[in-house]
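> Need coordinates for the following:
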Amino acid sequence: MTFRFSLILAMLLLSGCQLTQKPAPLMAIPKKPPLAKRVYEVAYNTPVESARVKSVQLPAHPIARGDTVSLSASKVSLTDTLKDFIVSNLTAKGLKIVDGNQGHYVLTIHQLDLEFAKDRLYQLQVSGNAERLEVLSSIPQQMECKSILASVSMRLTHQKSSDVVWFAKASIDSASYQAQPLRFQISKEQQVSNEQQVMEFVESQNTEEARKSRSSTQVKVPKYVVKDVISPLQKQSGACNETEVSALTADMQKQLSKLLIDKINVK
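Numbering: from 1, shown residues only. Below you'll find the predicted structure:
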């Protein structure tokens, strides 16, 4: 009888200890490790050429400073901006611009052509240390860009005799006009790939039931997994798509017009 009573008392005491057992403390979200980030400048190159210029001036009527010139652009669509630019360059040569057909000479603009040419292939410039080369190996090694060919031709005619005293033509493509690489930025950044899973694990371990379980069982928080992430290319400079290349055409025509007018020999 006494033994039986002692056994029951011991069981009650043990049960009371279990009922009063404290749950484990709340589990804290572990601190993330330091994450590194590096930014790289990358460039794509393509072969370029100087503008092609052909100019012929005949000696029958020497052109002198102070001679007057009228413009004729009936065969082309000449913008006011380009017209003003041409007038400015003729004036810089010492020629005077007049309206109508009253000048010593008539400058006829025969051609202001713009046409899409074959796409240009740009090649990635590969150089640097092993880490940089590893990053470069993960991005496109070549890039295709739109290309526009601009052509301008002019003729200078002596008014009284109708003799052609000078004619010239120039052309250049958009890649050669830019004469610079396409430049981009790209970053290599360390990111935690399992942050959400770690947070969900901690949350699950902070329920009342899980805390009671952890009071007698050791639980380890999953470690953060850090991975390198390469960003998309971010354009810094250079024209490549149709919109960007088309935006160059007005300045391309200006450059060709200046190259031609510079060829006129004025005494």
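> Where does pLDDT dip in the stretch 101-250 of the chain?
Under the criterion pLDDT under 70, no range of the stretch 101-250 of the chain is flagged.
> Would you map the helices across it?
Using DSSP state H, counting those that start in this stretch, the helices found in the stretch 101-250 of the chain span residues 130-136, 174-178, 195-204, 208-214, 242-246, 249-262.
> Can you say which of the ones you listed is packed in most?
helix 174-178 (a mean of 22; mean count of other C-beta atoms under 10 Å). (C-beta placed from N, C-alpha, C; glycine too.)
> so residue 101 touches residue 68, yeah?
No. Using C-beta atoms under 8 Å, residue 101 makes no contact with residue 68, being 10.6 Å away.
> the more surrounded of those two?
Legend: neighbour count by other C-beta atoms under 10 Å for residue 101 and residue 68, higher for residue 68 (13 against 9).
> how much space is there between that one and residue 159?
To residue 159, residue 68 is 9 Å away according to C-beta to C-beta, to the nearest Å.
> who touches both of these two?
Here residue 68 and residue 159 share the contacting residues 103, 104, 105, scored by C-beta atoms under 8 Å, 6 or more residues apart in numbering.
> ok now do the last one, which residues does it touch?
To tie it back to what came earlier, the one meant is residue 105. 63, 67, 68, 69, 70, 156, 157, 158, 159, 165.
> run the last query once more with 7 Å
67, 69, 156, 157, 158, 159 (C-beta atoms under 7 Å, 6 or more residues apart in numbering).
> can I get the helices of the stretch 101-250 of the chain in JSON lines with distance to residue 26?
JSON lines is the format used below for those (distance: least, C-beta to C-beta, whole Å):
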{"stretch": "helix 130-136", "distance to residue 26": "41"}
{"stretch": "helix 174-178", "distance to residue 26": "61"}
{"stretch": "helix 195-204", "distance to residue 26": "9"}
{"stretch": "helix 208-214", "distance to residue 26": "7"}
{"stretch": "helix 242-246", "distance to residue 26": "56"}
{"stretch": "helix 249-262", "distance to residue 26": "66"}
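> Out of the ones you listed, the one nearest residue 41 is which?
helix 130-136 (10.0 Å; C-beta to C-beta).
> Give me the distance between residue 31 and residue 23.
Taking C-beta to C-beta, one finds residue 31 at 24 Å from residue 23.
> So those two - more neighbours on which side?
Using other C-beta under 10 Å as the criterion, residue 31 and residue 23 rank with residue 23 on top: 15 against 7.
> and the more buried one, which of the three is it?
Secondary structure assignment for residue 23 (DSSP: H, G, I helix; E, B strand; the rest coil): coil.
> For it, give me its contacts.
Residue 23 sits in contact with 208, 211, 212, 215, where contact means C-beta under 7 Å, 6+ apart.
> which one of those residues sits closest to residue 89?
Nearest to residue 89 among the contacts of residue 23, with distances taken as C-beta to C-beta, is residue 211, at 84.5 Å.
> Was I right to think residue 65 contacts residue 96?
No. If you go by C-beta atoms under 7 Å, residue 65 and residue 96 don't touch, sitting 9.2 Å apart.
> In terms of packing, which of these two has more residues around it?
residue 96 (13 against 10).
> And the pLDDT at the residue nearest to the more buried one when sequence neighbours are not counted?
The shortest distance from residue 96 to any non-neighbouring residue, by C-beta to C-beta, 6 or more residues apart in numbering, is to residue 68 (4.8 Å). Residue 68 carries a pLDDT value of 96.
> and the gap between residue 68 and residue 162?
Taking C-beta to C-beta, one finds residue 68 at 16 Å from residue 162.
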